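J.: here is my input; please provide its structure:
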Amino acid sequence: MLLDGDPEPPVDDLRQARELALLFCKTEEAIDTFIAHCDVAARDLLMPYGDLLMALSVLLRIRRTLNGAEIDKIIWDFEAHKALAIERHRRAQWDRIVKSAAAFRPEC
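T.: Down below sits the predicted model:
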């Protein structure tokens, strides 16, 4: 989703997706449409978190395995650092506004 080009198709994931789609769909066309819809929905849900997904991906490649608690901590740390950066940026903007207002001298 985040890399250039088309990756190798995840054969077993596609097989499992088709099996699950069979629970809801009766025709091949319905299965393909359902899976395509799920793919779009998953992308829409995950794209705002692309930077976090990349960080998790890198860490997972290094460590080879992560449990739920480790993933939760990584997400929490990542989001906390992101919120801190946003807050620092907001405060820097506010400081610039205050300095600009202090320098303003209306003509009488």
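J.: going forward, measure contacts between C-alpha atoms and count neighbours the same way
T.: Noted.
J.: count the neighbours of Met47 for me.
T.: A count of neighbours around Met47, defined by other Cα atoms under 10 Å, yields 13.
J.: mind checking what secondary structure it has?
T.: Under DSSP: H, G, I helix; E, B strand; the rest coil, Met47 falls in the helix class.
J.: do Asp39 as well
T.: At Asp39, secondary structure determined by three-state DSSP is helix.
J.: ok, now Pro7?
T.: Pro7 is classified as coil under three-state DSSP.
J.: Cys25 too?
T.: Classification of Cys25 using three-state DSSP returns coil.
J.: and the gap between the closest residue to it other than its chain neighbours and Glu8?
T.: Taking Cα to Cα, 6 or more residues apart in numbering as the measure, Cys25 lies nearest to Ile31, with 5.6 Å between them; neighbours along the chain are not counted. Between Ile31 and Glu8 the distance is 21 Å, computed by Cα to Cα, to the nearest Å.
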